[in-house]
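1. Got a sequence here, can you build the structure:
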Amino acid sequence: MSVSTEVAGPRAGDAAATAGTTPSSAAPASAPRGAAVLEPGLDRPVGLVGARLWAAAAALLLVVGAGTGWALFGTLPHTLALPALLAHGKAPQTVRADRAGALLAYRVGPGQLVTRGQPLAVLRAADGTEVTVPAPEDGTITSLLSAPGAQLAPGAAVATLDAGEQPRTLRVFATTLKQAGQLSPGRTVLVPVPGKGVVRATITTVDPLPARADSLDGSFSVPLPGLPTGGAPVWTAYALLPDAESPSAGPVPLTVSVDLGARHPYQAVFGTGARR
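-> Below you'll find the model as predicted:
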């Protein structure tokens, strides 16, 4: 008896079906496709400028507008700083010898306070007698004009005195012609008086011609800061201060401010214009 054994293989139809089918196509078709999801608000127009930036821009425009208006319509004080001297009278008083003689010695020095009748110098007359040159009034010695041993004629200058009985006067010095043109009667001067603060004075007169700088510096016992040296020209204006607002001692050097009116800020930037 013969037994035949058959190995079961795939059927031809099944093989053909299997050959034409891929694994993906064999997957179930029930899985849904993914839908696009938008964040809320993304479909609205994009704002390029935020509220804070608008506020900053408005503030900047406000500042620029205010600055422009101030530059065009605001005002600034316009002053000129000049050296000055606070003393008595328009010039130091010259003390002169009453008679001829040789100057033996001085009894005082520059800057010293003296009283009326106080001996300033001693002379020896031709007959050998010694005579003194007295102070004509109270004040401060500003300079000594002769050297000991010099022979003096009657009326010769011995010393200069800042006379305390004269009105307290402010001398304002201009060192250039342009500065001199700013000094005119009626113009206000701001004076920093020691112990009194800033005091206002008014220019009363102006010397029409300049003087030599060394002639001014040599007539006072204090240095005058800001003045040139030698024969450089110096113009002088005078202003009166109330007695209660000025010191009673001798010459006091100062730096004062001459009030030139007012300028708009843009004029101050360009260095032009002045109005009162």
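
2. What helix or strand is L62 located in?
-> Per DSSP states H and E: L62 is located in helix 51-73.

3. average pLDDT across that helix?
-> The average pLDDT for helix 51-73 rounds to 72.

4. cool, and stretch 109-124?
-> 93.

5. Check stretch 204-224 too.
-> Averaged over stretch 204-224, pLDDT sits at 81.

6. Could you do stretch 160-172 as well?
-> Mean predicted confidence for stretch 160-172 is 88.

7. Report the buried residues of that stretch.
-> Neighbour counts over stretch 160-172 (16 or more other C-beta atoms under 10 Å) mark 160-164, 166, 168-172 as buried. C-beta: built from backbone N, CA, C; applies to glycine.

8. now do stretch 96-105
-> 96-97, 101, 103.

9. TSV for those residues, including distance to L209 and pLDDT?
-> Output for the buried residues of stretch 96-105, formatted as TSV (distance: C-beta to C-beta, whole Å; pLDDT from 0 to 100):
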residue	distance to L209	pLDDT
R96	25	94
A97	30	93
G101	36	93
L103	32	95
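
10. Tell me the one among these nearest to T129.
-> Proximity of the buried residues of stretch 96-105 to T129 (C-beta to C-beta) peaks at G101, which lies at 8.6 Å.

11. out of the buried residues of stretch 160-172, who's nearest A87?
-> D162 (5.1 Å).

12. quick one, helices of the chain?
-> Along the chain, counting by DSSP state H, helices occupy 12-19, 23-26, 51-73, 177-180, 213-217, 265-270.

13. In contact with V122, which residues?
-> 103-105, 107, 130-133 (C-beta atoms under 8 Å, 6 or more residues apart in numbering).

14. and the residues you listed as CSV, adding distance to A180?
-> Shown next, in CSV, are the contacts of V122 (distance: C-beta to C-beta, whole Å):
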residue, distance to A180
L103, 38
L104, 43
A105, 42
R107, 40
E130, 47
V131, 44
T132, 42
V133, 37
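
15. Do I have it right that L82 meets L260?
-> No - between L82 and L260 there is no contact, the gap being 11.2 Å when judged by C-beta atoms under 8 Å.

16. These two: which has the busier surroundings?
-> Remark: of L82 and L260, L82 carries more neighbours, 21 against 16, as counted by other C-beta atoms under 10 Å.
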